[in-house]
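A.B. asks: What would the 3D arrangement of this be:
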Amino acid sequence: MHSYTEENYIKAIYKLSENGTQEVNTNAIAEVLDTKAASVTDMLRKLSTKNIVNYVKYRGVTLTEEGERIALQIIRKHRLWEVFLVEKLKFNWDEVHDVAEELEHISSTLLTKRLDEFLGHPQFDPHGDPIPSETGEMKQKKQRLLAEMDVNDAGVVVGVNDSQPLFLQYLDKMGISLGSKIRIMDKMPYDNSLEIVLDEDKALLISSEVSKNIFLSA
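C.D. replies: Take a look at the predicted model:
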């Protein structure tokens with residue numbers, strides 16, 4: 001069993017790396033966790049002695065196989081709780097992240113298993129992110145960023161690249177959610193903003209920044 005702080009570090013390293021294998025520097029971890037680089041170094045040394053990370057001073061850190069396993073289980077719990085909060089307790093998708101951050105630290109394997117069964121073994125969370133299985137496998141969707149698509153391309157919204165509440169609230173205001181249909185009508189050369197048609201009947205102008213954070217089915 002690991003402390004909340006240790007689990008937060010493990011998850012941060014996983015998310016900052018490519019599937020836990022790319023080296024991550026201490027400053028990046030410090031920024032994500034809003035702490036000092038010296039504190040990060042101390043924790044990395046501690047996690048290294050537990051064989052959770054591979055840490056070499058001045059070279060960065062990667063997760064060990066055990067560290068990656070732990071990270072995927074934390075992410076699994078987080079995303080299952082998000083599904084529960086949205087589907088069963090009727091939270092909005094912009095309200096669940098902070099609550100799930102607390103619930104992800106519950107260590108009961110049986111509770112996680114029962115929660116997964118109760119929800120019908122969902123494969124994706126309310127933001128379209130894949131939920132790791134018990135063995136750490138994740139089903140990936142064929143998807144493209146809206147920003148990378150061309151005029152007359154169309155697709156269904158399958159996920160977001162930014163799950164911060166302000167962005168999700170913006171999408172709600174625009175009427176964009178998972179399952180929405182989007183067709184690109186024009187792209188502005190000046191700033192790469194997009195004219196789109198939402199669900200075949202609503203014309204919208206989408207900024208380049210917004211288009212970089214919406215995934216459509218490929």
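A.B. asks: and the most centrally placed residue in the chain, what does it touch?
C.D. replies: For the chain, residue 129 is the residue whose C-alpha lies nearest the centre (Cα atoms, centre = their mean; 5.7 Å). Residue 129 makes contact with 79, 159, 163, according to Cβ atoms under 8 Å, 6 or more residues apart in numbering. Heads up, the C-betas are built off the backbone N, CA and C, glycines and all.
A.B. asks: how about low-confidence regions in this structure?
C.D. replies: Along the chain, segments meeting pLDDT under 70 span 18-21.
A.B. asks: on that earlier part again, who wins for most neighbours among the contacts of residue 129?
C.D. replies: Most neighbours among those, by other Cβ atoms under 10 Å: residue 79, with 24 neighbours.
A.B. asks: Report the contact partners of that residue.
C.D. replies: Listed by Cβ under 8 Å, 6+ apart, the contact set of residue 79 reads 100, 125, 129-132.
A.B. asks: in the top helix by length along the chain, what counts as buried?
C.D. replies: In the chain, taking DSSP state H as the definition, the longest helix is helix 65-87. The neighbour-count check on helix 65-87 (16 or more other Cβ atoms under 10 Å) flags 67-86 as buried.
A.B. asks: Tell me the helix or strand right after it.
C.D. replies: Using DSSP states H and E, the helix or strand that follows helix 65-87 in sequence is helix 96-103.
A.B. asks: what does that following helix contact?
C.D. replies: Taking contacts as Cβ under 8 Å, 6+ apart, the residues outside helix 96-103 that touch it are 77-79, 81-82, 85-86, 91, 126, 163-165.
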